[in-house]
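Student: need coordinates for the following:
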Amino acid sequence: MPDIAFINGRFIPWQDATVSIDDRGFQFGDAVYEVIRTYRGTPFQLGAHLARLERSAKELLISRPYSRAQWMQWINHGLSLAGYQEAKIYIQITRGVAPREHSFPSESRPTVVMTIKELHGLPTEMRQTGVTACTCEDLRWGRCDIKSVNLLANVLAREEARKARVFEAIFVREGLVMEGALSNVMAVQDGVVMTAPEGPRILSGVTRTVVLDLAKKEDIPVEERPISLDALYSADEVFLTGTTLEVLGVVQIDGKIIGSGQPGLITRTLAARWALLTG
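Tutor: This next block holds a predicted model:
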């Protein structure tokens, strides 16, 4: 089964996929993106992902290249070509090709890139034992709610995590927990699930929304409010959510053991409900 590439309305062999060196996505990071996964060949929460993609593009004044229905057609066709049951769909929209000037070009057409690759999930053992994390200063810009390709701060944070030999880096700004470099972060204290509120400081994940809804259906109290770093360290449970992570327990942060040192009851409950939802 092949990995699939799509550029501006046509599917081409992966090895032949190229974009112009003058593309503003390459020159300035003037672009937005989205990552979607499938379960048994079907995109999960496709409508929510496409809505966020459209919102991100609108916030950066990048014109909409396709309608929602057209996106769905392209994605489904690409999945049929790739043939993967478990796939990761990456979509990127740039402002397009133009001379290198910081201001918007007078004329440009968005560049659309989509790739479809086989998705290999996290090991079962990792989900059972939980993962470790470190914290780092949040150096990102002021509009983290836009899913732009400007990910240098995330890259640096992930490298910090790699050097620390932990799974994830958690951004902290002025003593408050924001989110992970590739995840949203949730803490559990006295049976209440807490997570940073939506707004410009975090990218509100599609998985985050679904997991909070699952918690409410289980009559688990949810509070979207600022979490201090001390509250994170002293939480009964901490877990990450994300498109490819799903619900993943964190058992140690900055060398400090979280709760019992194993994924807690609420984390396990929500992971099980996620498995039922997607299974």
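Student: C-alpha only now, for contacts and for neighbours.
Tutor: Fine.
Student: what about the helices in the protein?
Tutor: Ranges of helices in the chain, per DSSP state H, are 24-28, 46-59, 68-82, 124-129, 152-164, 206-217, 229-233, 265-278.
Student: between these, which one is closest to Ile36.
Tutor: With CA to CA as the measure, helix 46-59 is the member of the helices of the chain nearest Ile36 (6.9 Å).
Student: buried set for the closest one?
Tutor: 46, 49-50, 52-57 (16 or more other CA atoms under 10 Å).
Student: out of these, who's nearest Ser20?
Tutor: Among those, and counting by CA to CA, the member closest to Ser20 is Ala57, at 20.1 Å.
Student: for Ala187, which of the helices of the chain is the nearest?
Tutor: helix 229-233 (6.4 Å).
Student: buried stuff in the closest one?
Tutor: 229, 232-233.
Student: how about low-confidence regions in the stretch 51-200 of the chain?
Tutor: For the stretch 51-200 of the chain, no stretch is flagged by pLDDT under 70.
Student: got a list of what the nearest residue to Phe44 once chain neighbours are set aside touches?
Tutor: Spatially, and ignoring its direct neighbours in sequence, Phe44 is nearest to Thr38 (5.5 Å; CA to CA, 6 or more residues apart in numbering). By CA atoms under 8 Å, 6 or more residues apart in numbering, the contact set of Thr38 is 44, 85-88.
Student: any idea which of the helices of the chain gets closest to Arg143?
Tutor: The nearest among these, by CA to CA, is helix 46-59 at 9.7 Å.
Student: still on that earlier bit, now, among the contacts of Thr38, which is nearest to Ile266?
Tutor: Among the contacts of Thr38, and counting by CA to CA, the member closest to Ile266 is Phe44, at 23.0 Å.
Student: how close does the closest one sit to Thr278?
Tutor: 8 Å (CA to CA, to the nearest Å).
Student: repeat for Ser80
Tutor: 20 Å.
Student: neighbour-wise, which of these two wins?
Tutor: Neighbour tally, Ser80 and Thr278, criterion other CA atoms under 10 Å: the higher count belongs to Ser80, 13 against 10.
Student: skip the chain neighbours and tell me the closest residue to Val211.
Tutor: Leu270 (7.0 Å).
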